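Chemist: Let's see this in three dimensions:
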Amino acid sequence: MAWLRACDLIALVDGVPHAVDLGGVAVCLVRLGDELFAVHDECTHEAVALSEGDLEGCTIECWRHGSRFDLRTGMVMGPPAVEPVQVYATRVDAGEVFVHLPG
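Modeler: The predicted structure follows:
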């Protein structure tokens with residue numbers, strides 16, 4: 001895969017998860033100040049959209065059972081999940097957000 005356009009940067013509200021579909025891959029984007037994060041938009045404990053969860057700093061919490069993941073690394077920060085969530089590289093070019101999906 002390559003870099004895929006996700007959305008305009010202005011569409012991302014600081015501290016609010018944003019769901020996008022990139023060619024059939026669900027991605028959760030999070031803008032925190034000048035930082036931009038992208039993780040697979042599915043809790044590894046149960047197939048629930050992380051983009052519907054809550055943020056606390058760089059941690060996103062699944063709304064269903066409370067699993068927490070570090071947006072920077074994808075690592076599990078709290079159970080019941082035990083597997084990390086996939087993290088994707090991001091970049092901004094001319095006000096547009098791009099996400100790199102591995103091939």
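Chemist: what stretches of this protein score poorly on pLDDT?
Modeler: Residues of the chain meeting the criterion pLDDT under 70: 1.
Chemist: what's the distance between P84 and I60?
Modeler: According to C-beta to C-beta, to the nearest Å, P84 and I60 sit 12 Å apart. All C-beta spots, glycine's among them, are computed from the backbone N, C-alpha and C.
Chemist: more crowded one of those two?
Modeler: I60 (26 against 16; other C-beta atoms under 10 Å).
Chemist: can you tell me how far the more buried one sits from E42?
Modeler: 12 Å.
Chemist: any common contacting residues for these two?
Modeler: L50 (C-beta atoms under 8 Å, 6 or more residues apart in numbering).
Chemist: before we move on, the earlier item: common neighbours of P84 and I60, please.
Modeler: Contacts common to P84 and I60, judged by C-beta under 8 Å, 6+ apart, are F69.
Chemist: residues touching D70, list them.
Modeler: D70 touches C58, T59, M77, counting by C-beta under 8 Å, 6+ apart.
Chemist: ChimeraX command for the buried members of these?
Modeler: Buried subset of those, written as a ChimeraX selection, criterion 16 or more other C-beta atoms under 10 Å:
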select :59,77
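Chemist: Of the contacts of D70, which belong to strands?
Modeler: T59, M77 (DSSP state E).
Chemist: Quick one: the strands in this structure, in order.
Modeler: 3-8, 18-22, 25-32, 35-40, 54-56, 59-61, 68-70, 76-78, 87-93, 96-100.
Chemist: got the angle for the third one vs strand 96-100?
Modeler: Here the directions of strand 25-32 and strand 96-100 differ by 130 degrees (axes from the mean of the first three to the mean of the last three C-alpha atoms, to 10 degrees).
Chemist: Partner strands of strand 25-32 and their direction?
Modeler: Strand 25-32 pairs in its sheet with strand 18-22 (antiparallel), strand 35-40 (antiparallel), by DSSP bridges.
Chemist: ok, residues contacting the shortest one?
Modeler: Applying C-beta under 8 Å, 6+ apart, the contact partners of strand 18-22 are 4, 6-7, 11-12, 26-31, 41, 49, 51-52, 99, 101.
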